[in-house]
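Chemist: build me a structure from this.
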Amino acid sequence: MFKPEPFVTRLAFAASDRPEAQEAREALIARYGQASEDEAQVIVALGGDGFMLETLHENLKSGRPIYGMNRGSVGFLMNEYSEDALLERINAAERAVIHPLSMAAIDAAGRRLEALAINEVSLLRQTRQTAKLRISIDGKVRLGELSCDGALVATPAGSTAYNLSAHGPIIPLDAKVLALTPISAFRPRRWRGALLPHTAKVTFEILEADKRPVSAVADNFEVRDVVEVQIAENREVALHMLFDAGRSLEERVLAEQFSV
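Modeler: Numbers count the residues shown, from 1 in each chain. Model prediction:
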């Protein structure tokens, strides 16, 4: 496991396939050098939010902090791009520690597939027909039947992503809650979701699964034709993200609630 050192001097640069990200990587390596993954104190991710998620997933086991700079289309999780004073920025950066969700999905063939999600686990209908879901929290059925396009469970860090687009709540990072949000709920039409303690274990059972197939997606890992999905926060895994001073992830989440 990576152990942080007091002053960062060794960086490893990773970039998405976008030309501007690749060009930035070459320029930054020429200026600051390129440490090996084993020697690097910080990984600098160049791209958009999607690439940041990829980089976090690739470094789940190492615990190495990730400092992102926006060279993509969406940059909520990224810092502004600049080649200047990069070491100074990183050493003054504020750290956000987030815990992913663990997803265990059982498909129609009886296979159990597991994955981690940094933003959210979402269930989505696969055909023109609505999905029908039964939702249990900590073993107790809370909603016997939800007819919808889908539903999701989001972490605080992911609450401003798909969850917000589905009209779910924005959650401060230190709130220790998860968002359970329906996607285009048909029945009950007025149900808007729930805020759950971060210790909650959420189980989705897919009703009429053969007629109304559903997929489960943990960030970018998809399981088709699921019959049951179990979701819980994984406190054993800690992900470290670095943000420029005064532009912490907590500040961005707060500011997002006042954007118009």
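Chemist: show me where the stretch 1-150 of the chain has its strands.
Modeler: 11-15, 42-47, 66-70, 94-98, 101-107, 112-117, 120-125, 131-137, 140-148, 150-154 (DSSP state E, counting those that start in this stretch).
Chemist: now the angle between strand 66-70 and the fourth one, please.
Modeler: Note on geometry: by axes from the mean of the first three to the mean of the last three CA atoms, to 10 degrees, strand 94-98 and strand 66-70 are set 110 degrees apart in direction.
Chemist: what comes up buried for strand 94-98?
Modeler: By neighbour count on 16 or more other CB atoms under 10 Å, the buried set for strand 94-98 is 96, 98. (Glycine included, C-beta is placed from N, CA and C.)
Chemist: which strands and helices sit next to that strand?
Modeler: Counting contacts by 3 or more CB pairs under 8 Å, 6 or more residues apart in numbering; DSSP states H and E, strand 94-98 packs against strand 239-243.
Chemist: which residues does the strand it packs on contact?
Modeler: Under the contact criterion CB atoms under 8 Å, 6 or more residues apart in numbering, strand 239-243 has outside partners 42, 52, 56, 59-60, 63-68, 77, 79, 90, 93-100, 118, 249, 252.
Chemist: select only the buried ones of those in PyMOL?
Modeler: Per 16+ other CB under 10 Å, the buried members of the contacts of strand 239-243 correspond to this PyMOL selection:
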select buried, resi 42+52+56+59+64+65+66+67+68+77+79+90+93+96+98+99+100+118+249
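Chemist: mean pLDDT lowest where, among the strands of the stretch 1-150 of the chain?
Modeler: Ranked by mean pLDDT, the strands of the stretch 1-150 of the chain bottom out at strand 94-98, with a mean of 91.
Chemist: could you find the closest non-adjacent residue to Leu101?
Modeler: Counting by CB to CB, 6 or more residues apart in numbering, Leu101 lies nearest to Ala117, which is 4.4 Å off, once chain neighbours are set aside.
Chemist: hmm, I typed the wrong one, I wanted Ser16.
Modeler: Per CB to CB, 6+ apart, closest to Ser16 is Gly47, 3.2 Å.
Chemist: distance check, that neighbour against Glu20.
Modeler: 9 Å (CB to CB, to the nearest Å).
Chemist: what sits in contact with each of those two?
Modeler: Counting by CB under 8 Å, 6+ apart, the residues touching both Gly47 and Glu20 are Arg71.
Chemist: okay, those two: which has more neighbours?
Modeler: When Gly47 and Glu20 are compared for neighbours, Gly47 comes out ahead with 29 against 15, by other CB atoms under 10 Å.
Chemist: give me every residue that touches the more buried one.
Modeler: Counting by CB under 8 Å, 6+ apart, Gly47 has contacts 15-16, 18, 21, 68, 70-72, 78.
Chemist: give me that answer again for 7 Å
Modeler: When contacts are counted by CB atoms under 7 Å, 6 or more residues apart in numbering, Gly47 touches 15-16, 18, 21, 71-72.
Chemist: compute the first-to-last residue distance for stretch 179-188.
Modeler: With CA to CA, to the nearest Å applied, stretch 179-188 spans 18 Å between its terminal residues.
Chemist: chain center to that stretch, what's the gap?
Modeler: Stretch 179-188 sits 20 Å away from the centroid of its parent chain (CA atoms, centre = their mean, to the nearest Å).
Chemist: what are the buried residues along that stretch?
Modeler: For stretch 179-188, the neighbour count (16+ other CB under 10 Å) marks 179-183, 185 as buried.
Chemist: in helices, which of those appear?
Modeler: Among these, no member falls in helices (criterion: DSSP state H).
Chemist: of those residues, which is the nearest to Gln34?
Modeler: Ala179 (38.5 Å; CB to CB).
Chemist: show the pLDDT at the closest one.
Modeler: In this prediction Ala179 is given a pLDDT of 98.
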